[in-house]
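K.L.:
Sequence plus the predicted model coming up.
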Amino acid sequence: MRWIPGGTFAMGSEDFYPEEGPVHPVSVDGFWIDRHPVTAAEFRRFVRETKYVTFAERPLDPTDFPDADPDLLVPGSLVFRKTAGPVDLDDLLRPALAHDANLLSLRRDGWRTSATPGARGRSSRRR
């Protein structure tokens, strides 16, 4: 394990998306991290032994997203996949999620692929 000291950094941006602002100072505590990548099997064992719940599995607090549709506030994660070709990075109005990523949302019955064409909604998470 290696110790990463805590510190303060400027979080956010004034240059791209409005929801990324304002830039504000954020402080984080120091933490320990493995020197080497953790395998899926090692992480699975860690979760089983500690009952750890990832951020992608934790319920969202509606007060953190006051303008959001409550029905859309479900735990989840984005999984990016390789595109078929170059992506126009200047086209900010292009629906990126529909073309460049699969949106996974966690429900009571596990991970579901909800943006993958042809997905049957089967759980891809091992139990």
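P.N.:
Cool, the structure landed.
K.L.:
Below-threshold pLDDT in this structure: ranges please.
P.N.:
Using pLDDT under 70 as the threshold, the predicted model of the chain has low-confidence ranges 78-80, 91-127.
K.L.:
how about the helices in it?
P.N.:
Listed from the start of the chain, the chain has helices (DSSP state H) covering 40-50, 96-100.
K.L.:
Show me where the protein has its strands.
P.N.:
Assigned by DSSP state E, the strands in the chain fall at 2-4, 7-11, 24-28, 31-33, 76-80, 101-107, 110-113.
K.L.:
Now do the second one and strand 24-28, the angle between them.
P.N.:
Per axes from the mean of the first three to the mean of the last three CA atoms, to 10 degrees, the angle that strand 7-11 makes with strand 24-28 is 150 degrees.
K.L.:
Parallel or antiparallel, list what pairs with strand 7-11.
P.N.:
Sheet neighbours of strand 7-11, with direction, are listed as strand 24-28 (antiparallel) (DSSP bridges).
K.L.:
now swap in the fourth one and tell me
P.N.:
For strand 31-33, the paired strands and their directions (DSSP bridges) are strand 2-4 (antiparallel).
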